[in-house]
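Chemist: Sequence and computational prediction follow.
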Amino acid sequence: MYKNIFDTHSHYSDSAFDNDRYEVLDSLKEKGVEYVMLASTCTEDIHENSLLAEKYDYIYTSAGFHPENINDIPENYIDILKETVSADKKVKAIGEIGLDYHYEGFDREKQIEVFEKQVETANELDLPVIVHSRDACEDTLNILKKYRPKGVVHCFSGSAETAEIIVKLGMYIGFTGVLTFKNAKKAVRAVEVVPPDRLLLETDCPYMAPVPFRGKRCDSSMISFTAERAAEIKGVSVQKLLDITCENGIRLYGI
């Protein structure tokens with residue numbers, strides 16, 4: 001069995017876990033999972049994730065507002081972030097924040113404004129950011145270049161060239177089970193160019209389950225399949241890859 005698994009991005013407050021959330025979380029340590037980072041997307045998420053992090057010593061959390069929630073964001077969202085960080089020592093990042101231009105109906109200018117303000121807040125609080133970027137590569141890179149936050153671009157779907165730019169900015173890059181898909185040529189190429197000390201593994205669970213679980217609900221124990229593919233690409237043992245990525249997660253989140 002593998003050990004030192006760090007799932008650096010997960011959504012255990014998602015309704016997909018409503019029927020067995022605690023059973024799943026109770027089982028992860030015995031499956032080699034050492035740490036889990038919860039990504040928050042809205043006010044309710046922030047609260048629920050803090051409760052989960054309080055209950056489980058191996059779970060840490062973040063505070064942030066996802067671009068898909070832009071239409072419902074409270075006016076005092078920055079105050080909420082600052083108050084949450086001040087009150088909860090297990091909040092180790094500002095996220096999940098960023099830009100998503102995939103769907104219509106989410107004002108792009110407002111997305112940029114909210115993203116920038118959350119990045120500014122992260123820098124002010126000396127916390128890393130967890131960045132979501134979908135069909136918004138140019139604007140995302142411009143903001144990261146402008147503010148130079150520490151953090152990770154999660155669920156990376158960009159080109160190898162974009163990955164190299166992100167790494168040069170001093171950030172980490174997170175890869176999901178997509179890496180195991182047959183058509184994942186871009187992800188494979190990106191893993192090839194990302195230095196080992198900037199590589200993170202994640203599930204984005206309950207989404208992005210790796211092969212052979214593609215299409216099913218994902219959980220942190222499945223990250224081993226992503227690790228096997230990443231280790232193959234990097235030419236190292238699976239456990240070595242897990243050790244490296246675990247240490248990277250610890251370093252990034254200041255655990």
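Modeler: Thanks, I have it. If you're wondering where the values come from, they're calculated on a predicted model, not measured in any experiment.

Chemist: Quick one: the strands in the stretch 51-200 of the chain, in order.
Modeler: Secondary structure of the stretch 51-200 of the chain by DSSP state E, counting those that start in this stretch: the strands cover 59-63, 91-100, 129-134, 151-153, 172-175, 199-201.

Chemist: Export those to TSV and append columns for mean pLDDT, mean neighbour count and distance to Ala16.
Modeler: In short, each C-beta sits where N, CA and C put it, glycine included. Output for the strands of the stretch 51-200 of the chain, formatted as TSV (pLDDT from 0 to 100; neighbours: other Cβ atoms under 10 Å; distance: least, Cβ to Cβ, whole Å):
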stretch	mean pLDDT	mean neighbour count	distance to Ala16
strand 59-63	98	28	17
strand 91-100	98	27	16
strand 129-134	98	26	18
strand 151-153	98	26	23
strand 172-175	98	27	20
strand 199-201	98	24	20
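
Chemist: which of the residues in stretch 245-255 are buried?
Modeler: Thr245, Cys246, Asn248, Gly249, Leu252, Tyr253 (16 or more other Cβ atoms under 10 Å).

Chemist: residues touching His11, list them.
Modeler: Leu38, Ala39, Thr41, Asp204, Cys205, Pro206, Tyr207 (Cβ atoms under 8 Å, 6 or more residues apart in numbering).

Chemist: quick one: which of these is nearest Glu109?
Modeler: Lowest distance from Glu109 to the contacts of His11 (Cβ to Cβ) belongs to Thr41, with 20.2 Å.

Chemist: can you tell me which residues contact the closest residue to that closest one other than its chain neighbours?
Modeler: Among residues not flanking Thr41 along the chain, His66 sits closest, at 3.7 Å (Cβ to Cβ, 6 or more residues apart in numbering). Contacts of His66 were listed using Cβ under 8 Å, 6+ apart, and they are Thr41, Cys42, Glu96, Ile97, Gly98, Asp100, His132.

Chemist: Filter the contacts of His11 down to just the ones in helices.
Modeler: Among these, the subset assigned to helices under DSSP state H is empty.

Chemist: could those be laid out in JSON lines, adding pLDDT, distance to Ala160 and neighbour count?
Modeler: Output for the contacts of His11, formatted as JSON lines (pLDDT from 0 to 100; distance: Cβ to Cβ, whole Å; neighbours: other Cβ atoms under 10 Å):
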{"residue": "Leu38", "pLDDT": "98", "distance to Ala160": "29", "neighbour count": "29"}
{"residue": "Ala39", "pLDDT": "98", "distance to Ala160": "25", "neighbour count": "27"}
{"residue": "Thr41", "pLDDT": "98", "distance to Ala160": "28", "neighbour count": "22"}
{"residue": "Asp204", "pLDDT": "98", "distance to Ala160": "21", "neighbour count": "23"}
{"residue": "Cys205", "pLDDT": "98", "distance to Ala160": "26", "neighbour count": "26"}
{"residue": "Pro206", "pLDDT": "98", "distance to Ala160": "28", "neighbour count": "18"}
{"residue": "Tyr207", "pLDDT": "97", "distance to Ala160": "23", "neighbour count": "16"}
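
Chemist: Which positions in the lengthiest helix in the chain come out as buried?
Modeler: Of all segments of type helix in the chain, defined using DSSP H, the longest is helix 108-125. By neighbour count on 16+ other Cβ under 10 Å, the buried set for helix 108-125 is Gln111, Ile112, Val114, Phe115, Gln118, Val119, Thr121, Ala122, Asn123, Leu125.

Chemist: Before I go, just wanted to say thanks for your time.
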